[in-house]
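**Student:** This is a predicted model, with the sequence first.
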Amino acid sequence: AVNGKKSTTGSPIVANDTHLTYRLPNLWYEIQLITPNQNVYGVSIPGAPGVTLGFNNNISWAVTNATADTFDWYRVNGEVVKHHKYEINVRDQGVLKEKFGQSSLGNVVYEKSDDRVLTDSLVRGFALKWAAQEASNELGVFLKLNRSQNYAECTDSLKNYESPSQNFICADRFGKMGIIHTGKIPVKKLGQGSYVMNESLDAWKKFIPFLELPRSENPKLNFVFSANQNPTTKDYPNYLGNEYYSNFRAREISENLTKAKAVSPQDMMNLQNDVHGILPRELRDRLISAIGTPQPQFEFAYQTLKSWDLSYPTNSLGASIFWTWFKLFEESIWKNKLGDKKNFEWPEPETLVYFMLHNSKSDWFDDLDQQIKVAFEQACLNLIEKYGSDVQNWKWGHVRPTNFPHNSKIPGFSRDNLTVWGVEFTLFSNKGYHGPVYKAVVALGEKPSGWMILPGGPSGNPFSQNYTSNMNDWSVGNFRKVEYFESVSEIPK
């Protein structure tokens, strides 16, 4: 979000794009609610009252996942607090009987083959202590947001927000704006919860007070943002965890908004559609240097990388070559040292970038230049093997197709092999199966203006022409101007 000092409108502009697993129908649906007490527009979840993300006459709010560490695992061998038993009728299999015990730390999971893990009084296994297991009232928070009329009321609504932890941006048409890293976040020691802990250790009992949660209000930069990155500096006294996402997207936002003098709603839409990559910007020269003089069969790929504009449009060949190389190189470093990614969490890519650029003699590498070159040659061979020697088949939209499965996994109701730009590290963050399922820009002022797009369509009926009517516009970055009615009488009959 930018405030009026940095916008072309003189009032705050708020942008939001939530990233979730692709599905049809979309999780979100657009809605406007007009009552004697409120007039709010945005998106909601089927069955949930009110608007979850959106704006009203005076405020707009936006949300991203905070990824704060709010749960820990403990090794348990102690008293059962409660028994849970279930009988589930399974088609063609009869009745499935399940039981588990609950310790003072939480529900316990264990190996069913060990009949000693659960008795009438004792349980042994692993207990999950999670802040989300405690009673809370997020619905009340969102209903209060719907009726908030200024920044103070918007942020006051968040005092009771607990789980899952989120970054909330609030802005009002009067000029105030800010971001809060909110939720019920436990007070922990540095690194606490990184591994399974013993039950004898004191589990966390306190939570960071609301007024001590990370926040930024009306900053001198005149903008606030979140791309799931760590929200604090080293000076912040509380430990929030180590699960924050790569900072490439956050840096891209910061660089663009810092350079901009006056931001328009269209600028915000363009920023959400940006597919420029900071990762290749940092590594392309290192890659080219390590390749040196390529073998003739790899000359085309080498020259393509040298002339690549470092972005990920659907017709890019450089994007396909770089991405295939990086995934192979990343695997060659971490898999041998840490194990398969399915079983062990690898460091975020910027960690690898740091070692490549600043500590090439690190023990993580055997011979860095040689490993880079081998991965490049293998990437070329992989592309040839999978897509053929015709390089037109190497285009990014073909190498990295985008799929929208149906919620019920009915193949005929899905939309597969779509050509969509972006990669997970660009602002249009597209993993092929996960990405922006709701995109919105709201310009506050005397009367709010909004632009939105949701992949899919307004109908959940696979046989309706509106089932995927938004898909083409979404895939090329188009937005639709919102019709925001100020009263019921304005709505066409």
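**Tutor:** Received, thanks. Numbering: from 1, shown residues only.
**Student:** Sketch out the low-pLDDT regions of the chain for me.
**Tutor:** Scanning the chain for pLDDT under 70 picks out 111-118, 120, 200-202.
**Student:** contacting residues for the closest residue to T67 other than its chain neighbours?
**Tutor:** The shortest distance from T67 to any non-neighbouring residue, by C-beta to C-beta, 6 or more residues apart in numbering, is to E243 (4.8 Å). In short, each C-beta sits where N, CA and C put it, glycine included. Listed by C-beta atoms under 8 Å, 6 or more residues apart in numbering, the contact set of E243 reads 67-69.
**Student:** Closest to F174 out of those?
**Tutor:** A68 (30.1 Å; C-beta to C-beta).
**Student:** if we can go back for a sec, list phi and psi for the residue nearest to T67.
**Tutor:** Phi and psi for E243, reported as degrees, to the nearest 10, are phi -100, psi 20.
**Student:** what's the spacing between it and F326?
**Tutor:** 22 Å (C-beta to C-beta, to the nearest Å).
**Student:** Also L122?
**Tutor:** Distance from L122 to F326, by C-beta to C-beta: 50 Å.
**Student:** Backbone dihedrals for the closest residue to T52 other than its chain neighbours, please?
**Tutor:** In space, and not counting its chain neighbours, T52 is closest to S44: 5.1 Å by C-beta to C-beta, 6+ apart. Main-chain dihedrals, S44, degrees, to the nearest 10: phi -140, psi 170.
**Student:** S44 contacts W28, doesn't it?
**Tutor:** Yes: contact status for S44 versus W28: in contact at 7.1 Å, counting by C-beta atoms under 8 Å.
**Student:** who touches both of those two?
**Tutor:** Counting by C-beta under 8 Å, 6+ apart, the contacts common to S44 and W28 are T52.
**Student:** Check which residues of stretch 207-216 are buried.
**Tutor:** Using 16 or more other C-beta atoms under 10 Å as the test for burial, stretch 207-216 gives 207-208, 210, 213-216.
**Student:** no, scratch that, I was asking about stretch 68-75
**Tutor:** So, applying 16+ other C-beta under 10 Å, buried residues of stretch 68-75: 68-70, 72-74.
**Student:** quick revisit: show me what contacts the residue nearest to T52?
**Tutor:** 28-29, 31, 50-52.
**Student:** Just the closest of the contacts of E243 to M471, please.
**Tutor:** For the contacts of E243, the nearest to M471 is T67 (28.7 Å; C-beta to C-beta).
**Student:** Next, count neighbours for that closest one.
**Tutor:** 21 (other C-beta atoms under 10 Å).
**Student:** does it sit in a helix, a strand or a coil?
**Tutor:** coil (DSSP: H, G, I helix; E, B strand; the rest coil).
**Student:** What of P237?
**Tutor:** coil.
**Student:** how much space between it and F329?
**Tutor:** P237 is 38 Å from F329, by C-beta to C-beta.
**Student:** Give me the more crowded residue out of those two.
**Tutor:** Neighbours were counted for P237 and for F329 using other C-beta under 10 Å; F329 has more, 24 against 8.
**Student:** now the more buried one: how far from D367?
**Tutor:** Distance from F329 to D367, by C-beta to C-beta: 13 Å.
**Student:** Tell me which helix or strand the spatially closest residue to S136 that is not a sequence neighbour sits in.
**Tutor:** For S136, ignoring the flanking residues on the chain, the nearest one in space by C-beta to C-beta, 6+ apart is E162 at 3.9 Å. Under DSSP states H and E, no helix or strand contains E162.
**Student:** Wait, E162 touches K184, no?
**Tutor:** Yes: at 3.9 Å, E162 counts as touching K184 under the criterion of C-beta under 8 Å.
**Student:** Quick check: neighbours shared by those two?
**Tutor:** 131-132, 134, 136.
**Student:** Quickly note the distance from the closest residue to L240 other than its chain neighbours to G178.
**Tutor:** In this structure, L240 finds its nearest non-sequential neighbour in A68, 4.9 Å apart by C-beta to C-beta, 6+ apart. Separation of A68 from G178 (C-beta to C-beta): 18 Å.
**Student:** that older thread, bridge partners for the residue nearest to T52, pull those for me.
**Tutor:** Y29 (DSSP bridges).
**Student:** ranges for the helices of the stretch 51-200 of the chain?
**Tutor:** 138-147, 151-157 (DSSP state H, counting those that start in this stretch).
**Student:** Using CSV, lay out those together with mean neighbour count and distance to F376.
**Tutor:** As requested, the helices of the stretch 51-200 of the chain are exported to CSV (neighbours: other C-beta atoms under 10 Å; distance: least, C-beta to C-beta, whole Å):
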stretch, mean neighbour count, distance to F376
helix 138-147, 19, 48
helix 151-157, 19, 50
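**Student:** Redo those helices as JSON lines? Include distance to R251.
**Tutor:** Below are the helices of the stretch 51-200 of the chain laid out as JSON lines (distance: least, C-beta to C-beta, whole Å):
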{"stretch": "helix 138-147", "distance to R251": "29"}
{"stretch": "helix 151-157", "distance to R251": "27"}
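**Student:** Ok, which of the ones you listed comes nearest V14?
**Tutor:** helix 151-157 (11.1 Å).
**Student:** re the thing from before, which of the shared contacts of E162 and K184 has the largest number of neighbours?
**Tutor:** Counting by other C-beta under 10 Å, top hit in the shared contacts of E162 and K184: A131 with 21 neighbours.
**Student:** who's in contact with it?
**Tutor:** 70-71, 162-163, 183-186, 207.
**Student:** Return the member of these nearest to M268.
**Tutor:** Using C-beta to C-beta, these come closest to M268 at G183, 25.8 Å.
**Student:** Double-check the closest one against E162; I have them as touching.
**Tutor:** Yes: at 6.0 Å, G183 and E162 qualify as touching, with contact defined as C-beta under 8 Å.
**Student:** Looking at the two, which has the bigger crowd around it?
**Tutor:** With neighbours defined as other C-beta under 10 Å, G183 and E162 compare such that G183 has more, 25 against 20.
**Student:** Apart from its neighbours in sequence, what residue is nearest the more buried one?
**Tutor:** S165 (2.9 Å).
**Student:** Relative to V51, how far out is that neighbour?
**Tutor:** 21 Å.
**Student:** contacting residues for N56?
**Tutor:** Contacts of N56 (C-beta under 8 Å, 6+ apart): 38-41, 146-149, 448.
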